[in-house]
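> predicted model follows, preceded by the sequence.
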Amino acid sequence: MTPFGERMRAMREEKGVTQKEMAAALGVSPAYLSALEHGRRGVPSWPLIQKIVGYFNVIWDEAEDLQRLAVASHPRVTVDTVGLSPQATLLANRLAGAIGSLSAADIDELVARLEEMERRAG
């Protein structure tokens with residue numbers, strides 16, 4: 001499941017609607033909505049994200065957060081290290097090889113450290 005799929009499922013369950021009901025309201029198939037929730041589909045289109053925002057009637061900040069999650073939720077990631085340092089290539093390959101064996105706590109720690117580093121660099 002992707003972060004976007006997890007959030008969308010939580011919002012849907014909070015509203016008390018089924019995938020079938022939500023899919024009909026958004027004009028997509030229940031199978032597509034299920035695949036989106038489970039991370040078997042890529043990032044949803046901007047128009048679909050707008051429909052989801054409207055469906056849940058979310059405020060501006062939450063809509064931005066949903067968009068950010070969608071962009072960061074592609075289930076198949078390619079990391080292009082061409083032109084980067086050998087250490088960057090090593091990092092990308094090590095992460096690709098290790099991610100399946102990391103605990104949720106380890107992943108949370110890595111994400112937090114990356115966010116901290118991005119803030120310092122930005």
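Now that the structure is in, tell me what you want to look at. For clarity, every value in this text was computed on a predicted model and none was experimentally measured.

> buried residues in stretch 15-27?
17, 19, 22-23, 26 (16 or more other CB atoms under 10 Å). Placement of C-beta: from N, CA and C, glycine included.

> so of those, which ones are in helices?
With helices identified by DSSP state H, the entries of those that belong to them are 19, 22-23, 26.

> closest to residue 103 out of these?
Residue 103 lies nearest to residue 19 out of these, by CB to CB, at 29.5 Å.

> residue closest to the middle of this structure?
residue 73 (2.4 Å; CA atoms, centre = their mean).

> give me the packing partners of the helix or strand of the chain with the lowest mean pLDDT, helices and strands only.
The weakest-scoring helix or strand in the chain, judged by mean pLDDT, DSSP states H and E, is helix 60-71 (a mean of 86). Where contact means 3 or more CB pairs under 8 Å, 6 or more residues apart in numbering; DSSP states H and E, helix 60-71 is packed against helix 3-15, helix 46-56.

> just the CA coordinates for the first one, please, in PDB.
Same thing as helix 3-15. Only the C-alpha atoms of helix 3-15 are listed here, as PDB (Å, rounded to 0.1, in the frame of the first residue of the first chain):
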ATOM      1  CA  PRO A   3       1.000   6.500   1.500                       C
ATOM      2  CA  PHE A   4      -1.700   7.900  -0.800                       C
ATOM      3  CA  GLY A   5      -3.600   4.700  -0.800                       C
ATOM      4  CA  GLU A   6      -3.400   4.400   2.900                       C
ATOM      5  CA  ARG A   7      -4.700   8.000   3.400                       C
ATOM      6  CA  MET A   8      -7.500   7.600   0.800                       C
ATOM      7  CA  ARG A   9      -8.700   4.300   2.500                       C
ATOM      8  CA  ALA A  10      -8.700   6.000   5.900                       C
ATOM      9  CA  MET A  11     -10.700   8.900   4.600                       C
ATOM     10  CA  ARG A  12     -13.100   6.500   2.800                       C
ATOM     11  CA  GLU A  13     -13.600   4.400   6.000                       C
ATOM     12  CA  GLU A  14     -14.000   7.500   8.100                       C
ATOM     13  CA  LYS A  15     -16.800   8.700   5.800                       C
END
